[in-house]
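Enquirer: I need the structure of the sequence given here:
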Amino acid sequence: VINPNNPAGVIYPKELLQDIVAMAEEYPFGGMVIFADEIYDQITFDGNKMTHMASLCHNTLCCSFGGLSKVYRACGFRVGWLVMSGNRSRAVSYENALNLL
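Expert: The predicted model follows:
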């Protein structure tokens, strides 16, 4: 889920994001993993507010991505991060794979 979306600048409503989380959490075997690309989280217009996917996930794993190059106009600096939240009990293999990187 890319929110806010580029290039259109669409910010998905909280209700739609809640529906996505509900669908992921209903999936068998502990739910689906939600990948939330939120690198544009501070670039919003007209006073619109975005909802972070991690704030909605409780029973499934959410991997949120962020970075410096877009929001802070640090072109050329590829500094980013991944934050894992939600139900991390089934995330051991993901965490181990990331540590190998």
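Enquirer: For the most centrally placed residue in the chain, which residues are in contact?
Expert: Geometric centre of the chain, nearest residue: A36, 2.0 Å, by C-alpha atoms, centre = their mean. By C-beta atoms under 8 Å, 6 or more residues apart in numbering, the contact list for A36 reads 1, 3, 52-54, 62-65. For every residue, glycine as well, the C-beta is placed using N, CA and C.
Enquirer: Return the helix or strand in this structure with minimum mean pLDDT.
Expert: helix 92-100 (a mean of 85; mean pLDDT, DSSP states H and E).
Enquirer: hmm, back to that, can you tell me which of the contacts of A36 are in strands?
Expert: Among these, the members found in strands (DSSP state E) are 62-65.
Enquirer: Quick one: which of those residues is the most crowded by neighbours?
Expert: C62 (26 neighbours; other C-beta atoms under 10 Å).
Enquirer: my guess is N3 meets I39, correct?
Expert: No. Counting by C-beta atoms under 8 Å, N3 stays clear of I39, with 10.1 Å between them.
Enquirer: Show me which residues of the longest helix belonging to the chain are buried.
Expert: When the chain is parsed with DSSP state H, its longest helix is helix 14-26. Within helix 14-26, the residues scored as buried using 16 or more other C-beta atoms under 10 Å are 17, 20-21, 24-25.
Enquirer: so for the following helix or strand past it, what's the average pLDDT?
Expert: The C-terminal neighbour of helix 14-26 among helices and strands, as given by DSSP states H and E, is strand 34-37. On average, the pLDDT along strand 34-37 is 94.
Enquirer: Likewise for stretch 23-30?
Expert: Rounded mean pLDDT across stretch 23-30 is 82.
Enquirer: How about residues contacting that stretch?
Expert: By C-beta under 8 Å, 6+ apart, stretch 23-30 touches 31-34, 57-60, 87, 89-90.
Enquirer: Tell me the bridge partners for the nearest residue to V83 once chain neighbours are set aside.
Expert: Spatial nearest neighbour of V83, excluding adjacent residues (C-beta to C-beta, 6 or more residues apart in numbering): S64 at 4.8 Å. Bridge pairing for S64 (DSSP bridges) gives the partners A36, V83.
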